[in-house]
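Q: Here is the input, now give the coordinates:
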Amino acid sequence: MNRFVTAALAAVFSGMMAVSAIAADWTPPGPIKLMIAFRAGGGADTQARLIAEALASKLGWKFIPEQVTGKGGLNMAAALKDQPNDGTAIGMGVTETFGYNMAAAPNAGLKPSDFTGLTTTAGFQMGVVSLASKGWNSFDDVVAAAKGGEQLRFGVMSPRLADLAYLLGKAQGIDFNIVSVKGGKAVMDGVNAGDLDLGFMAGIQAKGVAAGDLVNLASALSTPLTQTPDAPTFADLGVEYDSDGYFVFVGPAGMPADARDALASAIAEVAADEASKAGGIIKKAFGGAATITGDELTALLEAGYSSAGQLMEVASQ
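A: Model (predicted):
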């Protein structure tokens, strides 16, 4: 996936000067309903609202944010699917929604082809995190604790991450007590309260790690974490799968090219502008913008959906 990010970032920065011209060629025929698949007040919700705020100020577009949470983004996707495809309804979720989550819930009747990909804004900084006070300085310390008889509670916030936690334990010859909670903040709250020993966090841990209260023990990505580059990746720990993913804006299928291009370009520009409030948050929490658009985004969503079955099969063994 890294090649997608590299190519897309180059395209965004080379196309900055053209964004205003693209947007000027298209005007929303009405207010834009922005369906947000995250709880109100969280980092992802704040990111979406700040992007909408910047576009309203810069382009005069009116946005109506609306929380549509639940089922790993599938509730948002189901609500968006049948909305008008003229650019007056878009959604913000994660690529996992359109990949693993849709593949794992065939009865929902949703596929990536039901949507028009607009742009990603940022990748996850998904780490395996614990309290520093536990005294674990590396993932080897976690393995040693488990093999020494400790029953370790591992917090996850999606079925895909539960599979990855299981495979991580299997690769290290240990068993985790995998605990599913609702959202990354719930994982962090559980770790801070001592109800969880470790868990997945996707950027929300940055402040705690910087303060020395939390420790990134491993990167659940295919690449090292920006904040803790020395932490081992899942590949280093014997797991061939990872949690690479992105925050993504989409619309209903069949969106006209002028609406799609104007929305994608405008959103991507704000995400990449570190001087903007949205871009500043993206930089601080997620290491900077990662914008993937057009055919590359379509391919990314389709690849996530088609490869999900393999992960499910391996994790069931």
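Q: And the biggest helix by length in the chain, what does it pack against?
A: Counting residues, the longest helix in the chain under DSSP state H turns out to be helix 294-315. Applying 3 or more C-beta pairs under 8 Å, 6 or more residues apart in numbering; DSSP states H and E, one finds that helix 294-315 contacts helix 2-14, helix 95-96, helix 102-104, strand 115-123, helix 159-172, strand 246-252. C-beta coordinates here come from the backbone N, C-alpha and C atoms, glycine included.
Q: These: which one's closest to Glu313?
A: Of all these, helix 159-172 sits nearest to Glu313, with 9.9 Å by C-beta to C-beta.
Q: Can you name the secondary structure element that comes next after that closest one?
A: Next along the chain after helix 159-172, taking DSSP states H and E as the criterion, comes strand 177-180.
Q: Check which helices and strands the next helix or strand after that next one is in contact with.
A: Following strand 177-180 in sequence order, the next helix or strand is helix 184-193 (DSSP H and E). Under the contact criterion of 3+ C-beta pairs under 8 Å, 6+ apart, helix 184-193 touches strand 126-131, strand 153-156, strand 198-202.
Q: can you rerun that using 10 Å?
A: When contacts are defined as 3 or more C-beta pairs under 10 Å, 6 or more residues apart in numbering; DSSP states H and E, helix 184-193 packs onto helix 43-59, strand 126-131, strand 153-156, strand 177-180, strand 198-202, helix 206-211, strand 214-219.
Q: Same list, these, but as TSV with distance to Phe249, mean pLDDT and mean neighbour count please.
A: TSV is the format used below for those (distance: least, C-beta to C-beta, whole Å; pLDDT from 0 to 100; neighbours: other C-beta atoms under 10 Å):
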stretch	distance to Phe249	mean pLDDT	mean neighbour count
helix 43-59	8	94	20
strand 126-131	20	97	26
strand 153-156	25	98	23
strand 177-180	27	98	16
strand 198-202	17	96	27
helix 206-211	23	94	16
strand 214-219	25	98	24
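Q: Can you lay out those as a markdown table showing distance to Val143?
A: Shown next, in a markdown table, are the helices and strands packed on helix 184-193 (distance: least, C-beta to C-beta, whole Å):
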| stretch | distance to Val143 |
| --- | --- |
| helix 43-59 | 30 |
| strand 126-131 | 12 |
| strand 153-156 | 13 |
| strand 177-180 | 15 |
| strand 198-202 | 11 |
| helix 206-211 | 21 |
| strand 214-219 | 10 |
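Q: mind checking which of the ones you listed is nearest Pro112?
A: Ranking the helices and strands packed on helix 184-193 by proximity to Pro112 (C-beta to C-beta) places helix 43-59 first, at 19.8 Å.
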